[in-house]
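In: Sequence isn't available, so here's the structure alone:
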């Protein structure tokens, strides 16, 4: 943990700092309120050890300011003049624990362990609240698809390594869910999982969200702010849609990956960050590199482990499993007594190509649960494009028919992709390279 020791006795302060550093903690010290505020401006702390008596100052008087400036920091108070009243006051002002001097090393370690356990519990509760508020059904990685099974085999091996991971795949295939799986199965699972959606903000605001900023760094920067890198320190930073990261931010991310160093916007002080980076994109990054929109050195630094998630149309054997998981979730959520799907509904779902992948399937099943009249989801409960014999998006065209060359190419590519076992096989049949096929599929929303 990152620990701040606040005590005016140099011998005691030095002994505690030395003992904690030997156990692997990052330790800083302060003797009075001015040093404390300076330290809080410079970095985040998990725990502060606060002496009630700081010479001419009172630790009790400093405690409210400390909690206001750094609410995420747990405070353990200690004093040689313990009393029931002072303990109650300290807890009332935000301390999580109270130790009387002199204390043994074991008592001290127990207090830190309680603080660590409390932080871990709060993170777990926060994650559960986030999932509940987002109304997300549970994600299963069970699969009958050989290509997806291969992805999960690599993911399980790579999860506990510190290596950067790049997740590729179309929109809606579950890249962010796989990123969370990697985090939860790593040795960082008890730490933060922080997400940054790269195309969501302007370059200036995105840089601030990633690295933080100091007051006055730009218009609207009215106070110092810690970014997602600092929040994720010790845990995992997930960069969603990394292919849309602005070029001027890419060198700073590369430096973070290579040297574990960064600066907040508007600040010259170099800071350290110990985090694992997972990135995801639906873009062909090699094409982005060739067209000058993505740095090649950043690509290779991110692409230590590559996981390419197949689209749902290539995992038809898994479609029913996902649909059943979704209907159970939404049936419970809506209080509907639905026991399954009719055979016709299952056949329609497994035949449909699902261009929106799992996101589209989830929405279709949620709609069906709401509209179903009986105890089974019937064909008529599904969206029209799903229950049609052949969706309008995949109308077959023939050479010589009254259609444009673009429509002809689109229809031909779709049919070849649907009839091929892999994208590589489809590209070979079409006589183009996989990158070109990727671009054409993106162009035609296939």
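Out: Received, thanks. Quick caveat: nothing in here was measured; it's all calculated off a predicted structure.

In: switch to C-alpha atoms for all contacts and neighbour counts from now on
Out: Fine.

In: Wait, residue 366 touches residue 325, no?
Out: No: the pair residue 366 and residue 325 does not pass the contact test of C-alpha atoms under 8 Å, sitting 11.0 Å apart.

In: Which one of those two is surrounded by more residues?
Out: When residue 366 and residue 325 are compared on other C-alpha atoms under 10 Å, the one with more neighbours turns out to be residue 366, at 21 against 16.

In: Tell me the gap between whichever helix or strand the more buried one is part of and the middle of its chain.
Out: The secondary structure element spanning residue 366 is helix 357-371 (assigned by DSSP states H and E). Mean-position distance between helix 357-371 and its chain equals 24 Å (C-alpha atoms, centre = their mean, to the nearest Å).

In: now for that helix, which elements pack on it?
Out: Helix 357-371 is packed against helix 316-334, with contacts defined by 3 or more C-alpha pairs under 8 Å, 6 or more residues apart in numbering; DSSP states H and E.

In: Just name whatever secondary elements whichever helix or strand comes after the helix it packs on is in contact with.
Out: Per DSSP H and E, the first helix or strand lying C-terminal to helix 316-334 is strand 340-341. Of the remaining helices and strands, those touching strand 340-341 by 3+ C-alpha pairs under 8 Å, 6+ apart are strand 376-377.

In: So in this protein, where's the weakest helix or strand by average pLDDT?
Out: Each helix and strand of the chain was given a mean pLDDT (mean pLDDT, DSSP states H and E); the minimum falls on helix 105-133 at a mean of 73.

In: Following the chain past that helix, name the next helix or strand.
Out: Past helix 105-133, the next helix or strand by DSSP H and E is helix 146-158.

In: May I see the buried residues of that next one?
Out: With burial defined by 16 or more other C-alpha atoms under 10 Å, the residues of helix 146-158 counted as buried are 147-148, 151-152, 155, 158.

In: Stretch 372-390 too?
Out: Of the residues in stretch 372-390, those buried by neighbour count under the rule 16+ other C-alpha under 10 Å are 372, 376-379, 381-382, 386-387.

In: Then stretch 296-303?
Out: Buried residues in stretch 296-303, defined by neighbour count with 16+ other C-alpha under 10 Å: 298-299, 301-303.

In: just checking, which of those belong to helices?
Out: In helices, defined here by DSSP state H, the members of the buried residues of stretch 296-303 are 298-299, 301-302.

In: circling back: switch the buried residues of stretch 296-303 over to JSON lines; also include pLDDT and distance to residue 19.
Out: Formatted as JSON lines, the entries for the buried residues of stretch 296-303 read as follows, by pLDDT from 0 to 100; distance: C-alpha to C-alpha, whole Å:
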{"residue": "298", "pLDDT": "96", "distance to residue 19": "39"}
{"residue": "299", "pLDDT": "96", "distance to residue 19": "41"}
{"residue": "301", "pLDDT": "95", "distance to residue 19": "36"}
{"residue": "302", "pLDDT": "95", "distance to residue 19": "37"}
{"residue": "303", "pLDDT": "94", "distance to residue 19": "39"}
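
In: Which of the residues you listed sits closest to residue 435?
Out: For the buried residues of stretch 296-303, the minimum distance to residue 435 (C-alpha to C-alpha) is 15.6 Å, reached by residue 299.

In: Once you drop chain neighbours, what's closest to that closest one?
Out: Nearest in space to residue 299, with sequence neighbours left out and distances taken as C-alpha to C-alpha, 6 or more residues apart in numbering, is residue 285 at 7.4 Å.

In: Could you check how many residues crowd around the one you found?
Out: Other residues near residue 285 number 20, with proximity taken as other C-alpha under 10 Å.

In: For it, grab phi and psi.
Out: The main-chain torsion angles of residue 285 are listed as degrees, to the nearest 10 and equal phi -70, psi -30.

In: pretty sure it contacts residue 298?
Out: No: under the criterion of C-alpha under 8 Å, residue 285 is not in contact with residue 298, lying 10.4 Å apart.

In: Quick one: neighbours of residue 443, just the number.
Out: 10.

In: Which helix or which strand is home to it?
Out: Taking DSSP H and E as the criterion, the element that holds residue 443 is helix 434-444.

In: so how far is that helix from its chain's centroid?
Out: On the basis of C-alpha atoms, centre = their mean, helix 434-444 sits 27 Å off its chain's mean C-alpha point.

In: Contacts for that helix next, please.
Out: For helix 434-444, contacts defined as C-alpha atoms under 8 Å, 6 or more residues apart in numbering pick out 284, 286-287, 410, 413, 423-424, 427.

In: Apply 6 Å and report the result again.
Out: Outside helix 434-444, the residues that touch it by C-alpha atoms under 6 Å, 6 or more residues apart in numbering are residue 427.

In: pLDDT of that helix, averaged?
Out: For helix 434-444, mean pLDDT rounds to 76.

In: Go through it and flag the buried ones.
Out: Quick answer for helix 434-444 (16+ other C-alpha under 10 Å): 434-435, 437-438.

In: And stretch 102-113, by the same measure?
Out: 111-112.

In: For residue 28, name its beta-bridge partners.
Out: Beta-bridge partners for residue 28, by DSSP bridges, are residue 4.

In: Verify the stated contact: it with residue 6.
Out: No: Residue 28 sits out of contact with residue 6 when judged by C-alpha atoms under 6 Å, with a separation of 8.8 Å.

In: Of those two, which one has the most company?
Out: Counting neighbours by other C-alpha under 10 Å for residue 28 and for residue 6 shows that residue 6 has the greater number, 24 against 17.

In: now the more buried one: how far from residue 241?
Out: Here the criterion is C-alpha to C-alpha, to the nearest Å. By it, residue 6 lies 42 Å from residue 241.

In: before we move on, what about residue 347?
Out: With distances defined as C-alpha to C-alpha, the gap from residue 347 to residue 241 amounts to 33 Å.

In: quick one: the helices in the stretch 201-350 of the chain?
Out: Taking DSSP state H, counting those that start in this stretch as the criterion, the stretch 201-350 of the chain carries its helices at 203-211, 228-231, 250-259, 285-290, 296-302, 316-334, 343-351.

In: which of these is buried the deepest?
Out: For the helices of the stretch 201-350 of the chain, ranked by mean neighbour count under the definition mean count of other C-alpha atoms under 10 Å, the leader is helix 228-231 at a mean of 23.

In: Report the distance from it to the chain centre.
Out: 12 Å.

In: now for that helix, which elements pack on it?
Out: Here helix 228-231 is seen to pack against helix 203-211 when contacts are counted using 3 or more C-alpha pairs under 6 Å, 6 or more residues apart in numbering; DSSP states H and E.

In: Name the residues that touch the helix it packs on?
Out: For helix 203-211, the surrounding residues in contact (C-alpha under 6 Å, 6+ apart) are 227-229, 264.
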